[in-house]
Structures are given as C-alpha cells and as structure tokens.
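Asks: what's the 3D shape of this:
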Amino acid sequence: MKHIAKIAAFTAIFLIINLILCGFMPPDNGSSLDMWRSYHQKQSIDIAVIGSSLASCALPEEDLAAATGENVALMATNAQSLDMSQIALETLLREHSPRYVILVMDLTNMTAKAQKAFLYAELQTDSWKDKPADLLRYMTSRDNFTGADSLNALFPWQSGSWPTDWPATIQQKWNAVLNRLSHRRGAAHAQPEDTTVINFDTVGMVNTWSQNAHDFSAQHIEELTSMLQLCQENGTRLLLISAPKTTLDVVSYETYFDDYAYFKQLAAEYGASYYDFNLAKPELFENKEPDYHKDFTHMNAVGGHAFSLSMAKFLAMLDAGQDVESLFETPSEYLAAVNYITNVYLTPEVHPDKILLLAGSYHGPSVQAEYEFWVKAPGESEYSRVSAYSTRSWTEYAAAEHGTYQFRVNARIVGSSADFERYYECSVDF
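Replies: As a prediction, the model looks like this:
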C-alpha cells in the first residue's frame, strides 16, 4: 500500500507541476485558444464558419447569428491552414450536427502548417471528461504516432520557451482568466469594431499573389478533399466560399479564375458547392470599396455586418431550393466591369549616377494606363515633375546629390483628362 501511495503521490505532484508549466507555455493570448474556448461553450450549433481571419472578418459570429436567427460557431483563427481547418471540422462533426458548414477559402494561408499549436489549444480548452479521448486521438493519429509529437503532447511546455518578462506574463495570464470569467457571467464580449478603411493609394504592390507560393500540393488538395468527403459522409451541407475581397486582390492574382474553376469542380465532385462572392451580382451582395475593407483582403466591421446579412439571405434561398447560380457573374463579366485602375505602385532602382523608376498598376483587361513621375529632392518642400504622362511605365532621374528623395507616380486611363486617378509615393536613399 505504501508503494502504491508513493506512486500516486509522485503522479499527483508530476501532474501539478506539468499543469503549472503548461499554464505559462504556450501563451494564453492566441486566436486558437479563443476559438476553442468559445466553441466548447456552445450547446448546439446550426451553422459553423471555418477558416482564417478572412472568415472572422467577413462573417463575424454575432452578426451572422443575429442575421440568421440560428446558433453560429465561428471556428476561425488567424492564418488558419487547411490542416487546422480539417481538425476543426473533424471535432465539429464528431460533437455536433450542423445544417451548414461554411469553409472560407484563403489562398495565402491554405498551404501553411501550424497543426501542433492548434491541437494544443484544443487540448488546453477541452473539458476534463473530453481531455483523455482527445489526447489519445492526437497521440495515435497517423501524423504523430511514429514521431516525437506523440508523447510530447503530454508535455506541451517543453517545445516552448520561458517568458522573458515574468510580471507581464503573469498579468497577461490573469487578464485572460478575468476575461473568461466575464464571458461565463454573460458579460458582453464583442470585440471593438474595426472602422479602418483601406487607402488604395498606399497599398503599393502588395497582394495575395505576391505573398503566396501558389503551390497547391497533393497534400493540400488531399486535406481539402478529406473535408469534402467527411461532410458528404455525415450528410452535412458544405459551402466553400471566397469572401468578398477588394477588386485589387482579384485582378492582381494571376491564376485567380483558374483556381476558382478548379475548386468549383472539386467541390461538385463531393456534393458540395463553391461560391465566389467576389462574383456576386448587386442583388445578392454589393461590395462597396473602400468602405467595406480594412486592407486588400480583409473586411472591416461595416463590411462584415453587410456580408452577414447577405449570407443569411443566401442560406434562406438555399433552404427554399432556389437556383442561386444566376446570382453570380462569370469571370469575363466581372473583368469587363473593372474599367478603372485599382492602384499603382513604384519600384525604384538605385544606380551609381541615377535612379530608375519602374511603375505598374492593376486594372481590368480593357484598360490602358499612363504614368506621370514626380520628385521631391533633398531639402525641397514641393514636388517637381520628372516626366509627363506617357504609356511608358518607367523613367530615369539623374540624382544630383546624396540624400533622401521622395518620388511620386500618378496613373490614369489613357484618354482621361483627370490630374490622376491613383497615385503612389515612396522615398529612396541615394
């Protein structure tokens, strides 16, 4: 008996120490932890929205719930990749039977990998009765069973790092506890509304295409296919959607409509549907730029509210068995309407005796742009023109002295009499 008591005492002390260490690593402020905590508090789920920050911005949980009158679970985290979405879906369908699952596609993040942190967050927020089963499921999964991660799931702190500022860490942990307690008491927990609006004259060349590796490997397609199959087997209606983005992001993404056609066909093979709401006609959703967007891909609070209302209307039409395909434009119809310049950018090259200014812009296929270049030399307070409007997208500037130069490019459609339609400014050290 004494031997058993010693083993029990050692085990208890070990578990207490392990829990204390787990309490400090990983941090308690990640979007995965917030998502799983919110999910575990729900008794029933009618509609689940899965995806990255594109999903949480476009379809805020409270807005969509109010618009539909149904129980909504927002299972979205920042930079959520397909393997993380797959874990969320598997957990959801194991514990609930939602009428709709909406998977918001994110071409930038779908190829990323952050499975371990996502699973740790799920384990950390589980109820005590569910922890053993979920832990065992994680340790014996085909991805972890033959690797160190199988046993490391018992000791998540060992893959972290000690806090460098203990007072700040303790304060952050305490604030997180108070925040969770306020949620359980029914206190308001809505995030402050993001009223930021994108300024297209400051975007430059940044877009999803320039940030993305564009390599949808067999593994990524396999993960998406597994989700399609899982919903098909469970009789759950899965909607793959592209949430409304800026026109800039659509026209700057070189294979956007090729990818659209591929995913639409893939979804159809498994009884699911793919809808790109960038192609939605105004009677379904009118994407107001820049009012609805805080950057070139994410909607702000105003946009998220408007899109939630549109999604509620769309789901009601699906429930009524209506044909919704006519509510979307074809890619050619969409591009024909982009008869303007979305933004212009400038790429300077510094040479020993000059600065080469290379401009570019994004617009629809029917548009031809022309450019005008300006400079503000060191010590000057006003711009002076380097070259007048021309369809030539580059010019040279002979720098006369060392220092910081401010350059500006104006862009307009050929034939326009406007001073400019878009502009971009940047500084160059010479």
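
Asks: From now on I want contacts and neighbour counts done on CA atoms only, so please keep to that.
Replies: OK.

Asks: shaky segments in the stretch 201-350 of the chain?
Replies: Applying pLDDT under 70 to the stretch 201-350 of the chain flags residues 212-217.

Asks: any chance you could map the strands in it?
Replies: Assigned by DSSP state E, counting those that start in this stretch, the strands in the stretch 201-350 of the chain fall at 237-242, 273-276, 341-350.

Asks: These: which one's closest to Thr195?
Replies: Counting by C-alpha to C-alpha, Thr195 lies closest to strand 341-350 out of the strands of the stretch 201-350 of the chain; the figure is 21.2 Å.

Asks: Kindly format the C-alpha coordinates of the closest one as CSV.
Replies: What follows is strand 341-350, C-alpha atoms only, in CSV (Å, rounded to 0.1, in the frame of the first residue of the first chain):
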residue,chain,number,x,y,z
ILE,A,341,-7.2,51.5,-62.2
THR,A,342,-7.4,49.9,-58.8
ASN,A,343,-4.0,51.0,-57.7
VAL,A,344,-0.5,52.0,-58.9
TYR,A,345,2.9,51.1,-57.5
LEU,A,346,6.5,52.2,-57.9
THR,A,347,9.7,50.1,-57.8
PRO,A,348,12.8,52.3,-57.7
GLU,A,349,16.3,51.0,-58.7
VAL,A,350,19.4,52.9,-57.4
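
Asks: which one of the strands of the stretch 201-350 of the chain lies closest to Pro167?
Replies: So among the strands of the stretch 201-350 of the chain, strand 237-242 is nearest, using C-alpha to C-alpha, at 42.5 Å.

Asks: which residues are in contact with the closest one?
Replies: Identification of contacts with strand 237-242 by C-alpha atoms under 8 Å, 6 or more residues apart in numbering yields 99-106, 228, 231, 267, 272-278.

Asks: would JSON lines of the strands of the stretch 201-350 of the chain with mean neighbour count and distance to Ala218 be doable?
Replies: JSON lines is the format used below for these (neighbours: other C-alpha atoms under 10 Å; distance: least, C-alpha to C-alpha, whole Å):
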{"stretch": "strand 237-242", "mean neighbour count": "21", "distance to Ala218": "19"}
{"stretch": "strand 273-276", "mean neighbour count": "20", "distance to Ala218": "20"}
{"stretch": "strand 341-350", "mean neighbour count": "20", "distance to Ala218": "34"}
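
Asks: Could you dump those strands into TSV with distance to Asp46 added?
Replies: Output for the strands of the stretch 201-350 of the chain, formatted as TSV (distance: least, C-alpha to C-alpha, whole Å):
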stretch	distance to Asp46
strand 237-242	11
strand 273-276	18
strand 341-350	38
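
Asks: ok, back up a step: keep only those of the contacts of strand 237-242 that are in helices.
Replies: If you go by DSSP state H, the contacts of strand 237-242 have Leu228, Cys231, Ala267 in helices.

Asks: can you count the residues close to the last one?
Replies: To tie it back to what came earlier, the one meant is Ala267. A total of 20 residues lie near Ala267 under the criterion other C-alpha atoms under 10 Å.
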